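K.L.:
Build me a structure from this.
(2 chains)
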Amino acid sequence: MAEVEQGCELFSAGHRACGGCGPALAARLLLKATGKNVIIASATGCMEVFSTPYPETAWGVPWIHSLFENVAAVASGIEASLKRQGRSEKVVCIGGDGATFDIGVLCISGAFERGHDITYICYDNEAYMNTGIQRSGATPYGASTTTSPPGACAPGGNPLPKKDMPAILAAHGAPYVATASIAYPNDFVQKVERAINTPGPCYIQVHTPCCTGWGFESGETLAMAKLAIDTGLWVNYEMVDGKVVKAKKVRRKPVEEYLAKQKRFRHLFKPARRDDVIANIQAIADANAERFGIDIKRKESSE
Amino acid sequence: MALRVGCAAPPGRALDNKTGAWRVFKPVFDPETCSRCGMCAMVCPEGCVHETEEGTFEPDLDYCKGCGICEEVCPKKSIRMEKEEK
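P.N.:
Predicted structure coming up:
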């Protein structure tokens, strides 16, 4: 049987994600970190759709899907029931950025307020990819999506900045909030291990580039995730009890290197260069660097 | 109490779906230059790169979609993508 050959892989092959899918890798790494003793509640989204087209499922652990908006509420119920029964399974929620930043905020806020012992993993591919690349609260400033196309009214594409979801959940009093990236798989695995072993509601937002939605070659998924970190547009950090305790330091590259490689930012270079929008994006990276102190000091050229 | 609503599927049933048919380029692993770091197995979104008895790695072509992430991350450049004739 095929199941036996795959053996230790809890997130099995045969799922229908695009080749080079970032979220699929995040799911694999997640299960590597949690092991078998876990119950997963999944919101609607790419990951739910590609991993479980009925009657197939790629999950080797108990998994439940309900709706876009109520995954945190479902997980709260599971956690409360397990607690009552004195069982030891960990409860993990998975939501995409649409389910987390936009549609599910109400239930997530409620679950974090009540202090359920759950871990919420948001795989952030920066738009609603499953339904055809619509803008979400996590879409970065300047990106083109089907609902934020560059045009006469908004020449820069998406006019709004990315929502700061980790800060919102840290403000709920979450004991552990972290961001991670699939460019650093071991770091993500360690953060998940820490989150599931921390009592109370924990949140991890993992950056998972989407080759289809962002417009780059499937083999470059990890390179793109790494470039986001190297330019300062994504920061890997950990917050314990609301305070940033650790942030990954980098020698920053200009944001242009990251933007020029993706089709969703192509309107910033063609037909005419939009230096104003690129400067605004650079300002976002500079503000991130300032806020988290991620710059490795350059050698003695502090003018 | 068994819950009799919704749909359920046996774990790992996705293995029925041989996604290898999607592939255009196939990864060719060179065990001679492999440093056995295991990055290819770590980052494969399909989880279909397996360790051999010698400690080198090989892809399961039943499921490999040919995305090329393994080629990109290999520090020894010992994986190359080859157009597949079917």
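K.L.:
got the end-to-end distance for stretch A:27-44?
P.N.:
14 Å (CA to CA, to the nearest Å).
K.L.:
hmm, it touching chain B?
P.N.:
Yes - Stretch A:27-44 is in contact with chain B by CB under 8 Å from any CB of the partner chain, via A:Arg28. C-beta: built from backbone N, CA, C; applies to glycine.
K.L.:
per-residue confidence averaged over that stretch?
P.N.:
Averaged across stretch A:27-44, pLDDT comes to 93.
K.L.:
Stretch A:200-217 now?
P.N.:
Stretch A:200-217 shows a mean pLDDT of 94.
K.L.:
How about it and chain B, touching?
P.N.:
Yes - shown here: stretch A:200-217 in contact with chain B (CB under 8 Å from any CB) through A:211, A:217.
K.L.:
List the buried residues for that stretch?
P.N.:
The neighbour-count check on stretch A:200-217 (16 or more other CB atoms under 10 Å in any protein chain shown) flags A:201-214, A:216 as buried.
K.L.:
And the residue nearest to B:Arg23 when sequence neighbours are not counted, how close does it get to B:Gly47?
P.N.:
Once flanking residues are discounted, B:Arg23 sits nearest to B:Gly66: 3.6 Å by CB to CB, 6 or more residues apart in numbering or on different chains. In this view, B:Gly66 and B:Gly47 are 15 Å apart by CB to CB, to the nearest Å.
K.L.:
Neighbour count for the two, which is higher?
P.N.:
B:Gly47 (28 against 24; other CB atoms under 10 Å in any protein chain shown).
K.L.:
Cross-check the contact I'm expecting between the more buried one and A:Phe11.
P.N.:
Yes - contact criterion CB atoms under 8 Å: B:Gly47 and A:Phe11 qualify, at 6.3 Å.
K.L.:
what sits in contact with each of these two?
P.N.:
The contact sets of B:Gly47 and A:Phe11 overlap at A:Arg28 (CB atoms under 8 Å, 6 or more residues apart in numbering or on different chains).
K.L.:
Pull the number of nearby residues for the residue nearest to A:Phe265 when sequence neighbours are not counted.
P.N.:
With sequence-adjacent residues excluded and distances taken as CB to CB, 6+ apart, A:Phe265 is closest to A:Leu259, at 4.1 Å. For A:Leu259, the count of nearby residues is 23 (other CB under 10 Å).
K.L.:
what do you get for A:Lys83?
P.N.:
Neighbour count for A:Lys83, taken as other CB under 10 Å: 12.
K.L.:
Extract the residue ranges of chain B that are flagged as low pLDDT.
P.N.:
For chain B, the stretches flagged by pLDDT under 70 are B:1-3.
K.L.:
Show me the residue at the heart of it, geometrically.
P.N.:
Geometric centre of chain B, nearest residue: B:Cys48, 2.8 Å, by CA atoms, centre = their mean.
K.L.:
measure that residue to B:Tyr63 for me?
P.N.:
On the measure of CB to CB, B:Cys48 and B:Tyr63 end up 4 Å apart.
K.L.:
Need the residues touching each of the two.
P.N.:
What both B:Cys48 and B:Tyr63 touch, as defined by CB under 8 Å, 6+ apart, is the set A:Ala13.
K.L.:
what pairs with A:Ile40 across the strands?
P.N.:
Listed by DSSP bridges, the beta-bridge partners for A:Ile40 are A:Trp63, A:Val92.
K.L.:
so what's it up against?
P.N.:
A:59, A:61-64, A:92-94.
K.L.:
Could you look up the SS state of the residue nearest to B:Arg23?
P.N.:
Recorded secondary structure, B:Gly66: coil (DSSP: H, G, I helix; E, B strand; the rest coil).
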